[in-house]
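**Q** Here's a sequence, model it:
(2 chains)
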Amino acid sequence: MASAGGQRRDAAIVGIYEYPLRKVEGITPLEIKAESAKQALDDAGFKWSDVDAIYDAGDGGGAGGLGIAEYFGWQPNVIDTTAVGGSSYEFQASHALRDIAAGKARVALLTYGSTSRMNAVAIGTGGRTSAGPPSPVGNMEDSWGMTLIANYALVAQRHMYQYGTTSEQLAEISVATRHHAMRNPQAVRAMDDLGFVDTGELTVQDVVESRMVADPLHLLDSCMISDGGGAVVIASADAARGAKKKPVWLIGSGEATRYPTNDRDITRSAAEQSGPVAFGEAGVRPDEIDIAMIYDSFTITVLTILEDLGFCKKGEGGQFVQGGRLRYDTGSLPLNTDGGGLSSNHPGMRGIFLLIEAARQLRGESTSQVKDAKLALAHGNGGMLGSRHSGGTIILARD
Amino acid sequence: MATRPLPRFPEPDTEPFWQATKEHRLTYATCDECGKVVFFPRRHCPNCGSSRQTWHDSQGAGTIYSYSVIRQNRHPAFKDLGAYAIAYVDLDEGFRILSNIVGVADPTKDIKIGQRVRLRWEDQEGGEVSLPMFAPA
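**A** Numbers count the residues shown, from 1 in each chain, chains lettered A, B, ... in the order given. I've put the predicted structure just below:
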């Protein structure tokens, strides 16, 4: 295992691409994935034929790893079909790090493509929660009119009860994220294309006065539904030497899941397990992180995860996000500097954009650049926070 | 209003639970090996893996662990409800169930975490199953 001052130097992100449009017509998820793959490989300065490991969550009807290798035209040494929801990309990055360090892979490709908006996929609306054949969970959960946002609202309600967290505190996350989105031309265009009523800077008041959707979460506590996608190329140290740009090293990773039990504290997420593992492997502490990319399906998702990762004590997330702490320029923990799922990009699974923006920050390429950013964190959440979900934590560093 | 999505069968793990609802019995299982409550119902104990278990009737009394009020749901089965509440209810016997809170005038004001609730059955058309819901005790 290669290292620099104790930190791993086994695998690095060398190519990234975020598909620029959030409202697409006449293009499929598979085509978005392929276009993003080509652009990310170009960003790395690599050839199409360099890819020898693929990671795929089965999005876009690509039949997972089996169909996607054929669609792209590769015969890789690693075919990984990890699909655990929005965090799939953090899990896949963790696996790419492992596979590259083990000498099984040299150039790994992660791709995402979705036309959730175009297909008017009711990601958040009601009806039967479970798809597919009858299942125990489906039979116990389908009849109550649960919606996606209500699932998260159950967590927010309990968090407010246990710790006194307020809607105003949750709103700070939307305010900070929107501030960053305003500086990201793609996010500004996204909000316009998607018909956002309010496309300017937000105040806490704007958020708490927006329509209540599922108590206690308001419209502006919730992410957008967009089209889009992207790709990330992760390479071995040896291959990275031939890349165009400075490598963004993956130095730690962790994976976990949490789900309903008969006595689970739902204010605690999978991040409380995946985080310490990632930080331990990386040999860094939360207070050393310069930029945090945290899955923001809803404001409560970010708040909960910040606590569980150890940026603050459990229950103190409300105070933590106040006072401008999350701003890219003046805050002590810049958050979601691309504008997040709340105001930039969320086609259903957002995890790949966390890796992309973390890489941008460590390269110095972000639209809300954190000065001298050296250490970044990406934490993806998959599934639903109030019931079954997955957590994937990645720590990144530059030389 | 269209019928709610109902449990589907064959589904052997939850079948005994839903059979009992036809008789207005809310039931749960405990593991014969380790004594832990097994819920959601499934044949293998998630604590020790044993498949020997015993079913019990619940008294139907519990406490609201958390809830949310869905202000509007366009789905045909729920659209006429207006604002309605979904909740995790902790039954006194030690299992947690997802359900609706009913029997309140204003769900946005009349429901609290920690509130004591009591079982209230909502029979479904065709008598296939009955849905266990909860109202303030």
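
**Q** show me the contacts for A:Ala40.
**A** A:Gly15, A:Ile16, A:Tyr17, A:Leu109, A:Gly230, A:Ala231, A:Val232, A:Val233 (Cβ atoms under 8 Å, 6 or more residues apart in numbering or on different chains). All C-beta spots, glycine's among them, are computed from the backbone N, C-alpha and C.

**Q** Tell me which of those residues fall in strands.
**A** A:Gly15, A:Ile16, A:Tyr17, A:Leu109, A:Gly230, A:Ala231, A:Val232, A:Val233 (DSSP state E).

**Q** Quickly note the distance from the last one to A:Ile27.
**A** Read it as A:Val233. Counting by Cβ to Cβ, to the nearest Å, the gap between A:Val233 and A:Ile27 amounts to 21 Å.

**Q** just to revisit the earlier point, okay, the contacts of A:Ala40 in TSV with distance to chain B and pLDDT next?
**A** TSV is the format used below for these (distance: Cβ to the nearest Cβ, whole Å; pLDDT from 0 to 100):
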residue	distance to chain B	pLDDT
A:Gly15	41	98
A:Ile16	37	98
A:Tyr17	36	98
A:Leu109	37	98
A:Gly230	31	98
A:Ala231	35	98
A:Val232	35	98
A:Val233	40	99
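
**Q** How many residues are close by A:Asp50?
**A** 18 (other Cβ atoms under 10 Å in any protein chain shown).

**Q** thought it was touching A:Ser236?
**A** No: in this structure, A:Asp50 is not within contact of A:Ser236 by Cβ atoms under 8 Å, at 11.1 Å.

**Q** list residues touching both of the two?
**A** A:Arg106, A:Val107.

**Q** List the buried residues for the helix or strand where A:Ser174 lies?
**A** Element membership of A:Ser174, judged by DSSP states H and E, is helix A:167-181. Neighbour-count burial for helix A:167-181, counted by 16 or more other Cβ atoms under 10 Å in any protein chain shown, picks out A:167, A:169-181.

**Q** okay, the angle between the helix or strand following that helix and helix A:167-181?
**A** Once helix A:167-181 ends, the next helix or strand along the chain (criterion: DSSP H and E) is helix A:185-193. With axes from the mean of the first three to the mean of the last three Cα atoms, to 10 degrees defining the directions, helix A:185-193 sits at 110 degrees from helix A:167-181.

**Q** Report how many residues lie close to A:Ala63.
**A** 14.

**Q** and it, how far is that from chain B?
**A** Computed as Cβ to the nearest Cβ, to the nearest Å, the A:Ala63 to chain B distance reads 26 Å.

**Q** Test for you: state the pLDDT assigned to that residue.
**A** pLDDT, A:Ala63: 72.

**Q** residue ranges of the strands in chain B, please?
**A** Under DSSP E, chain B gives strands at B:27-31, B:37-38, B:53-57, B:61-70, B:84-91, B:96-101, B:116-123, B:130-136.

**Q** Check the stretch 151-300 of chain A too.
**A** According to DSSP state E, counting those that start in this stretch, the stretch 151-300 of chain A carries its strands in the segments A:212-214, A:217-218, A:228-236, A:248-258, A:291-294.

**Q** centre of the chain versus the second one, how much separation?
**A** In this view, strand A:217-218 has its centroid 21 Å away from the chain centroid, taken as Cα atoms, centre = their mean, to the nearest Å.

**Q** partners of it in the sheet?
**A** The strands that strand A:217-218 pairs with in its sheet are strand A:212-214 (antiparallel) (by DSSP bridges).

**Q** And the contacts of the partner strand?
**A** A:147, A:149-150, A:152-153, A:218-219, A:221-222, B:68-71.

**Q** Tell me, how many residues neighbour the nearest residue to A:Pro260 once chain neighbours are set aside?
**A** Of all residues not flanking A:Pro260 in the chain, A:Ser387 sits nearest, at 5.3 Å (Cβ to Cβ, 6 or more residues apart in numbering or on different chains). When counting by other Cβ under 10 Å, one arrives at 21 neighbours for A:Ser387.

**Q** mind listing what A:Ser387 touches?
**A** Applying Cβ under 8 Å, 6+ apart, the residues near A:Ser387 are A:Glu141, A:Asn151, A:Tyr259, A:Pro260.

**Q** How about A:Ser167?
**A** A:Val207, A:Val208, A:Pro216, A:His218, A:Asp221 are the contacts of A:Ser167 under Cβ under 8 Å, 6+ apart.

**Q** and what of A:Thr299?
**A** A:Ala156, A:Leu170, A:Ala171, A:Ile173, A:Ser174, A:Leu217, A:Asp221, A:Leu342 are the contacts of A:Thr299 under Cβ under 8 Å, 6+ apart.
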